[in-house]
Each structure stands twice: as structure tokens, then as C-alpha cells.
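Chemist: Sharing a model that was predicted from the sequence below.
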Amino acid sequence: MAYFDVASSAPLHPVARQALQASLDEGWADPARLYREGRRARMLLDAAREAAAEAVGCRPDELTFTPSGTHAVHTGVSGVLAGRRRTGRHLVLSAVEHSSLLHAAATHEAGGGTVTEVPVERTGAVLPASYASALREETALACLQSANHEVGTVQPVAEVAEACRAAGVPLLVDAAQSLAWGPVQAGWSVLTGSAHKWGGPAGVGLLAVRKGVRFAAPGPADERESGRSPGFPNLPAVVAAAASLRAVREEAATEAERLRELVDRIRVRVPERVADVEVVGDPVRRLPHLVTFSCLYVDGEALLHGLDRAGFSVSSGSSCTSSTLTPSHVLRAMGVLSEGNVRVSLPAGVAEAEVERFLDVLPGVVAGVREQLGAPTAGAAGTAGAAGTAGELVVDALGKRCPVPVIELAKVIGEVPVGGTVRVVTDDEVAELDIRAWCWMRDQEYVGEEPAERGAVYVVRRRT
């Protein structure tokens, strides 16, 4: 098996494994105690904090270890909002943030706060000017990820941080995906990270809060971790997390260059070998190890299962899975195709031969899924149950799920003259996103949506 999903969780780094074993023997005591075993544990904790703070780019006394990256995000958001409640209750974030931050924002909104989501470009990046315009006098906190977890796009953190500084608003940066590759650009006020994203053990998060940022720890506090993360720390895991972060940073420059070349190869060759593919995310300002693409006329779950059987573990933001009827909020915000979405995030040390094998296997797996779904071949057109006049056809796709509505649209578009329309009737709530994306890829005109007794009608006009 080739594991190509380190954006979800990276395998334990060898240095983390060694540090974990050593600290299990030496760091089991309470670091708050004054006897010898406690002092030894405290030395390990302090050394881990110093190493992690150096990698993050903050002072050791600004950094807190938390039980997870999600816990760090939730604590960071709620702590700053509580600390700045006199300023206001307005929260700003991008539309493509990790779900942990969206959940925190939803809780804030449910409690009477207000939230503004800043839209993104088709690449997945925010425009600094758009972000700046969302800041208000009552804005208590702004949030922006350093790099997107689904498509790899690197965000303009420095420019947004400058806009926040001018407005007097602290900026929280979720750096979970980027910390392995280097420190975040200057200007942030609060930063979060998650150890299992860089090869540390699961169950360790980082929360850095700059001196001078008003912060009120949510919930009961104790004397540990500056009162921001109560309870006995998992010291062996903390030590392993800090040691592995330092180790991956030392390897980052060389490995980033090698992985970027392999990702560039995937970005170029997948559209060459597989028809009707959209590679998404910024082609330049991106993480070096991550690439995402979407395949027309493909069921995402079937595609992932096919790749799994072929020996590849990959992830997906596709709407076409049994676990969800809605597409990834990231893909939706970008306005890109969500059908047959595949995220490949390469691990450090991956062999070039494994990437070549993936490129050899992928076309056959996609073709098999398309054949099962009865997808059209290049240039093919049919009736697919369509009915109507010469200048307009109606496709009844009620009760049919992604990607079937788009498949049936593609089959009949050639049956109407240029300027004619196809009306797709569907109750699949993700159809609009994929029909819009299909029109963009096929140079057809998306006219709009009309209400229907059941579901909605999406109208497409043939241009070519």
C-alpha cells in the first residue's frame, strides 16, 4: 500500500518514536512537583516548549500545549473573543477554513455573536483587500489558515496580518498544514497547530498567544499551561511532538523541493492521461506535497475504493460519498467541480516509483467507474430520458445523486442547437455546484436556477 494522505495524518516520524520511548521512561512524573522525578519531567517539558517555540517563531512563555489541534483552535477562538468582548462580538474568517474553526464560529454565532465569511478566488485564496473590507470597528478576532487542508493553496497571511494590524484586530492563524514546512509569515497574534500533521503523535496541539493579546481562558483553569489548557499534560507525547517538529524542519528544504517536483508531475500528467479532469488550487502558491483534482462523471466513493484496491490511500472532498450529501465547503466556496475529487498528499521519503505507479493506475480506475455509471465518452450525445422541443430539452434527474444529473446533462447537450437550453430537474442539493463547474469546463452557459415543486431546475444554454 502507498499512503498518500498525510494531510489527514502523517505516519509517526522515527524521531518521534525514539523521543516517545525515551520520555516514557524518564517523563512519567508530574512536572509540577519539586522532587527529583518531577524536576526531571519539568526539564523535559521546558525543553520541548523551547524547541516548539523556536519552530513556531514565538517565545516559550507564549506557547501552550493542548490535547489536540482542534482543542487549540477552539481555545484560541473562544479565549480571544472572551478577552476582547468589550471591543465587540464580530468574528471574521475565510470561507475555506478547517471545520474546527467553522464549528467554533457556529458556536459563537449561536451565542449571539456575528460572523463574516470572506469569499475566496477560484484558486482557494482570499484577496487581502476583500479580507480588509470585512473588518469592522466591533471586530474582536480575525482568522485565516496559513494553507488550505484540501487543495494546498497558501494564503496571503502577511498581507492580511497587515490589514488586521491597521484595524487593531488580532489575527489567529491555523498553521496545522504548514508548520512542517517552515514558520508562518510574520504578523499573526495567535497560532495553532497539530502534531499528527507533521509526524508527531496524535493528541498534541499547539496554541501560541503573543504577549499583549487580550485573552481570557474559557472554562475552569488551573496552574498548568498558563491556565489555557488545564490538566496533567501527556508529557511523552509532547516531547515527541516537539522533537519531530524540529526533525521535519531540518529535512524540509530538501524534501520540499523533491516533493514539489513529484506533485508538478501529477498536476501535468493526470489531465493528460484522464479526460475531463480539473486540477484545483493555486498552481504556484501551494504546499509542496499536496495536489487535488476532480474527475467529471465519477462517483467519489467508488473512485476512492478503486484506488484503495489498487494499493493507494488517498482522500477526497467529493460530495459523492455515502457519508454526506453535501460537497466539501472548500470546493463549494471555490466554485470548482466536486465530482470524483481526489486529494493526494505525499509523505516524506515517498519513492518516485510509487508516484509513477499511481499515474499508471489512475486512468483505468476512473474509466471503470465511468463505465459503471454509463458516463458519456468524448463527443457522445444521447437522449438519457430527455423530452422537449427542438430548442429546449428537459432532463428528469429527480431521485438521482451526484454525478448522475451532470452525466445526463452531458448526454443531451448535443441534442439542442446552439442557443438552445437544457433544463435539469433534480433534488440533489449539490447539483448546482457541479452543473456550474461542468459549464465552466465545457464552455457552456449556466443560465440559472428556477424553483420547482420538488427540488430545483437548473438551466444550461448551449454555446458550442
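Modeler: It's in.
Chemist: Help me confirm that Asp434 is found in a strand?
Modeler: No - using DSSP: H, G, I helix; E, B strand; the rest coil, the secondary structure at Asp434 is helix, not a strand.
Chemist: What is the neighbour count of it?
Modeler: 29 (other CB atoms under 10 Å). (Glycine included, C-beta is placed from N, CA and C.)
Chemist: was I right about it contacting Val404?
Modeler: No - checked against CB atoms under 8 Å, the pair Asp434 and Val404 is beyond contact range at 10.4 Å.
Chemist: How many residues are close by Arg332?
Modeler: By other CB under 10 Å, the residues close to Arg332 number 18.
Chemist: nearest residue to it other than its sequence neighbours?
Modeler: Leu433 (5.7 Å; CB to CB, 6 or more residues apart in numbering).
Chemist: ok, the one you found to Gly374 distance?
Modeler: 22 Å (CB to CB, to the nearest Å).
Chemist: Which one's more surrounded, these two?
Modeler: Leu433 (22 against 13).
Chemist: who touches the more buried one in this structure?
Modeler: Counting by CB atoms under 8 Å, 6 or more residues apart in numbering, Leu433 touches Ser319, Pro327, Leu331, Arg332, Gly335, Leu337, Ser338.
Chemist: In helices only, show me those.
Modeler: Judged by DSSP state H, the subset of the contacts of Leu433 located in helices is Leu331, Arg332.
Chemist: I'd like the contacts of Leu433 as CSV, with distance to Arg463 and pLDDT appended.
Modeler: Converted to CSV, the contacts of Leu433 look like this (distance: CB to CB, whole Å; pLDDT from 0 to 100):
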residue, distance to Arg463, pLDDT
Ser319, 26, 50
Pro327, 25, 72
Leu331, 24, 93
Arg332, 24, 91
Gly335, 19, 91
Leu337, 18, 89
Ser338, 23, 87
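Chemist: now, the most widely separated pair of the contacts of Leu433?
Modeler: Across the contacts of Leu433, no pair lies farther apart than Ser319 and Gly335, at 13.6 Å, counting by CB to CB.
Chemist: Of those two, which one has the most company?
Modeler: Using other CB under 10 Å, the more surrounded residue of Ser319 and Gly335 is Ser319, with 25 against 16.
Chemist: what's the domain layout of this protein?
Modeler: 2-248, 260-373, 392-461 (automatic domain parsing).
Chemist: what about the longest one, average pLDDT?
Modeler: Domain 2-248 carries an average pLDDT of 95.
Chemist: how far out from the middle of the chain is that domain?
Modeler: Remark: domain 2-248 is offset 15 Å from the chain centroid, using CA atoms, centre = their mean, to the nearest Å.
Chemist: Pull up the distance across that domain, start to finish.
Modeler: Terminal residues of domain 2-248 are spaced 20 Å apart (CA to CA, to the nearest Å).
Chemist: Stretch 17-36 too?
Modeler: End-to-end distance for stretch 17-36, by CA to CA: 25 Å.
Chemist: which residues sit against that stretch?
Modeler: Residues outside stretch 17-36 that contact it (CB under 8 Å, 6+ apart) are 12, 37-42, 44-45, 201, 223-224, 232-233, 235-237, 239-240, 242-244.
Chemist: repeat that with 6 Å
Modeler: Glu37, Gly38, Ala41, Arg42, Leu44, Leu45, Leu235, Pro236, Val239, Ala240, Ala243 (CB atoms under 6 Å, 6 or more residues apart in numbering).
Chemist: What about the last one, how many residues nearby?
Modeler: Counted with other CB under 10 Å, the burial measure for Ala243 works out to 24 neighbours.
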